[in-house]
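Chemist: Coordinates for the following, if possible.
(chains A and B)
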2 protein chains.
Amino acid sequence: MSIKIGILGYGNLGRGIECAVRQNPDMELRAIFTRRPPESVKILGDAPVYHIDDILAHKDEIDLLILCGGSATDLPVQTPEYAKYFSVIDSFDTHAKIPEHFDNVDKAAREGGNIAVISCGWDPGMFSLNRLYASCILPEGKDYTFWGKGVSQGHSDAIRRIEGVLDARQYTIPVDSALEAVRSGKAPELTTREKHLRECFVVAAEDADKARIENEIKTMPNYFADYDTTVHFITMEELKRDHNGIPHGGFVIRSGKTGWEGENTHIIEYSLKLDSNPEFTASVIVACARAAVRMKKEGFTGCKTIFDLPPAYLSVKSPEELRKAML
Amino acid sequence: MSIKIGILGYGNLGRGIECAVRQNPDMELRAIFTRRPPESVKILGDAPVYHIDDILAHKDEIDLLILCGGSATDLPVQTPEYAKYFSVIDSFDTHAKIPEHFDNVDKAAREGGNIAVISCGWDPGMFSLNRLYASCILPEGKDYTFWGKGVSQGHSDAIRRIEGVLDARQYTIPVDSALEAVRSGKAPELTTREKHLRECFVVAAEDADKARIENEIKTMPNYFADYDTTVHFITMEELKRDHNGIPHGGFVIRSGKTGWEGENTHIIEYSLKLDSNPEFTASVIVACARAAVRMKKEGFTGCKTIFDLPPAYLSVKSPEELRKAML
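Modeler: Numbers count the residues shown, from 1 in each chain, chains lettered A, B, ... in the order given. Predicted coordinates:
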C-alpha cells in the first residue's frame, strides 16, 4: 500500500516535493494545500489543490503532511499546529532555535499520537548526519563545514533591500586554500574570512550611485562585513540569463587522530554539488518521510530528527535486499 | 556506568580496538582473549589477557565482545558461536556471504538473548551507509565505489605466494580520470580496468627470474589480469622503509537527477583518506558497539547491521546535546 503524501505550501520546496514523490514508486501525492486561492495555483501534476482552511477535512486521506513553509514565520507556528492532526515533516533551518522548535513540536505530536520529523534537508540534515557520524568515529578531531558554491537566498534578499538595487544574486564560495588546509589533516583554526568568499551580482537602477551600493554591501554587518566580498554590476538580462538557477552544495570534513599516541591521521569528507537546492532538500525530506511513516506504524510518536531514523527505514528496499545489494 | 568491552583476537584490528576504546570516555577495556599463550601476547595497555578457552568464565564482566578475527575462517564460526553468550560485533567483509552470515548470527543471538552487529567498518560499513543514504535520496541515479589509494592485504598475499618472491606490497589506486567523469554527473559505464590501477612493490630472491614474476603477477586471474598493473622490484630495506604503513581509503559517489523531467543533476560524494586501515575500522566498530549496547538495554535482540542503528545511538552525547550542537 502506498504512502499518501500531502504538501502544505507550494513554492520552490513544494514543487520539489511534487517532483520527488513521483520518483518514489511507493508514494503518491494526494493533496496540495495552499493559502492562495486554490484555482490560482498552477502545479506540475494532477493532484488536487485545496485551500488550507479545508485541510482537516482531508485528514484521513493523508499518511504524512510535508510542511514547505519558511523557517522565519511559517514553520514555528505550522509544525506544532499540524502535528496535532497529522504526522508531519519540515525543513526548519534556524539552527539556534531547533531545541525550542523540537520541544513545541514534540508536545503537539505526542498529544496527537503522531510522528513529526523536523529540520530535514541537507543542512540541517545530511550535513548534520555526517558531522555526527564523523565525530563518533573520530572523537579526537575537528570538523569543518563549508558551504557553496551556491546561491544564498538570505544574502540576495539583503542586497535587494538596498536603495537603487533592482535585483541581485549572491554566491557563497568556499576558499580553496582553506579546503586544502583542512584536507591535509593540519586541523587549522580558520576565521570567517578565511573560509568563504561572497560574490554578488547586482542590477542597479539606471540613475543609482553604484559606488554607494557597493560600499553598502561590503560594509553590511553580519551579512558581508566579515567576508571578502566582490560586487559585479550586470544588466537584468544578464541576471536572468546567467543566474537563474538555485545551485548549492558544500563540504563537511573531519580530520582526527587514532593510535596509542595519536600517531595516525584520518580524513572523512562528505560533499554535495547540487543543481537545485530546493529539489535536493525535497529529495531528502521524501526519503525521511518514508522512515517517519514506518516509525509511526511501529507505534512511535513525538518529535524526531534525522539522527533518530534508522538508516534502513529511509529505503523502499527490504532489509534483506539492502544487506545483499548495499552492505 | 561505562561500557565494558572485551576483545577476541589481538592482531592489527584488536590493537586498533584497544586504542579506540581509550579515546571513548564511556568505555573501558576489560579483557583480551587470545588463542596464543596469554603470557606471549604483548599489548599496549594494561588490560588482562586470557586464553580463549577461559572466555565463558568472564561472561559477566563484559557488555560486548568485539571479534577481531579474519572473515575467511574465523568469523563465520566465531560470531555465531559467541553470540550465544555475549553481545558481539564483527567486521565480516566477504560481501557475497553476508546474507548467510547474518542468518547464522541472528539465530544464535536470538537464542542467547543478545545483540550482534556484523560487517562493521568502512566497507562494509560507512561506505555501505553512504550508498544507502545516497540511493534513497536520489532514486534515479547511479553510484560508484572507488578504493584507494591503499594497501590491499589480499593482493599483497597473492604476490607473496609466487615462487621467488620474498615480500610484496600492493596498492589499489583509483583512476583520476574515472573519478572526474563520475563527478561530472555523466554517469559513465566504467570497466574494472578503467576504475582502478594496481601498483606492486616486490622483493625478489637474489636468483629469481624477475621477468617471470612480473608476468605471473600481471596475468593472475581475478587479482590482476583485469587491471593495468605496474610492478616495481625493490630491496627488503626499501620495502620496510617506504611501505611499512597500512593506509587506505576511497570514494563513494552517487550522481542522480531530480525535477519533473530529470533536468537537474546532483552529486553526493563521501571519501576517506586513512593513515591506518585497521585503526579506522576499529574506530567505526567502537562507535557502533555503543549503539549495540544501547539497543540491547532497550530489549532488542538478534543480528543488526549499521543500517539498523539509529545514528544518535553511536554518540556519547545525549539527544538534546546532539540537536543543539550538531543538527
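
Chemist: switch to C-alpha atoms for all contacts and neighbour counts from now on
Modeler: OK.

Chemist: ok, now how distant is residue A:152 from residue A:278?
Modeler: Distance from residue A:152 to residue A:278, counting by C-alpha to C-alpha, to the nearest Å: 12 Å.

Chemist: Correction: the previous question concerned residue A:198.
Modeler: 21 Å.

Chemist: Of those two, which one has the most company?
Modeler: Set residue A:198 next to residue A:278 and count neighbours by other C-alpha atoms under 10 Å in any protein chain shown: residue A:198 wins out with 24 against 21.

Chemist: for the more buried one, which residues make a bridge with it?
Modeler: residue A:172, residue A:229 (DSSP bridges).

Chemist: what does the stretch 1-150 of chain A have sitting close to chain B?
Modeler: Proximity of the stretch 1-150 of chain A to chain B, by C-alpha under 8 Å from any C-alpha of the partner chain, involves residues A:16, A:19-20, A:23-24, A:44, A:95-96, A:98-99, A:119, A:123-125, A:128-129, A:131-133, A:136-140.

Chemist: Filter these down to the buried ones.
Modeler: The neighbour-count test (16 or more other C-alpha atoms under 10 Å in any protein chain shown) marks A:16, A:19-20, A:23-24, A:95, A:98-99, A:119, A:123-125, A:128-129, A:131-133, A:136-140 as buried among the residues of the stretch 1-150 of chain A next to chain B.

Chemist: So which of those residues are in helices?
Modeler: Counted as lying in helices by DSSP state H, out of these, are A:16, A:19-20, A:98-99, A:128-129, A:131-133, A:136-137.

Chemist: okay, the residues you listed in a markdown table with pLDDT next?
Modeler: Output for these, formatted as a markdown table (pLDDT from 0 to 100):
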| residue | pLDDT |
| --- | --- |
| A:16 | 98 |
| A:19 | 98 |
| A:20 | 98 |
| A:98 | 96 |
| A:99 | 96 |
| A:128 | 98 |
| A:129 | 98 |
| A:131 | 98 |
| A:132 | 98 |
| A:133 | 98 |
| A:136 | 98 |
| A:137 | 98 |
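
Chemist: Flag the shaky bits of the stretch 1-150 of chain A, pLDDT-wise.
Modeler: By pLDDT under 70, the stretch 1-150 of chain A contains no weakly predicted segment.

Chemist: switch to 80 and redo it
Modeler: A:1 (pLDDT under 80).

Chemist: Residue of it closest to chain B, please.
Modeler: When scored by C-alpha to the nearest C-alpha, the stretch 1-150 of chain A has residue A:128 as its residue closest to chain B, at 4.8 Å.

Chemist: any idea how far that residue lies from residue B:216?
Modeler: Taking C-alpha to C-alpha, one finds residue A:128 at 49 Å from residue B:216.

Chemist: Also residue A:307?
Modeler: Taking C-alpha to C-alpha as the measure, residue A:307 falls 50 Å from residue B:216.

Chemist: who's more crowded, the two?
Modeler: Between residue A:307 and residue B:216, counted using other C-alpha under 10 Å, the more crowded position is residue A:307 (23 against 16).

Chemist: right, and that one touches residue A:129 too?
Modeler: Yes. With contacts counted by C-alpha atoms under 8 Å, residue A:307 reaches residue A:129, the gap being 6.5 Å.

Chemist: need the contact list for the most centrally placed residue in chain A.
Modeler: What sits nearest the mean C-alpha location of chain A, by C-alpha atoms, centre = their mean, is residue A:121, with 3.9 Å. Taking C-alpha atoms under 8 Å, 6 or more residues apart in numbering or on different chains as the contact definition, residue A:121 lies against A:91, A:280-285.

Chemist: Turn those into TSV, columns for neighbour count and secondary structure.
Modeler: What follows is the contacts of residue A:121, written out as TSV (neighbours: other C-alpha atoms under 10 Å in any protein chain shown; DSSP: H, G, I helix; E, B strand; the rest coil):
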residue	neighbour count	secondary structure
A:91	27	coil
A:280	31	helix
A:281	24	helix
A:282	31	helix
A:283	29	helix
A:284	25	helix
A:285	31	helix
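
Chemist: Centre of the chain to the strand or helix carrying residue A:231, how far?
Modeler: Residue A:231 belongs to strand A:228-233 when assigned by DSSP states H and E. Relative to its chain's centre, strand A:228-233 lies at 26 Å (C-alpha atoms, centre = their mean, to the nearest Å).

Chemist: Same question for stretch A:162-177.
Modeler: The answer for stretch A:162-177 is 19 Å, by C-alpha atoms, centre = their mean.
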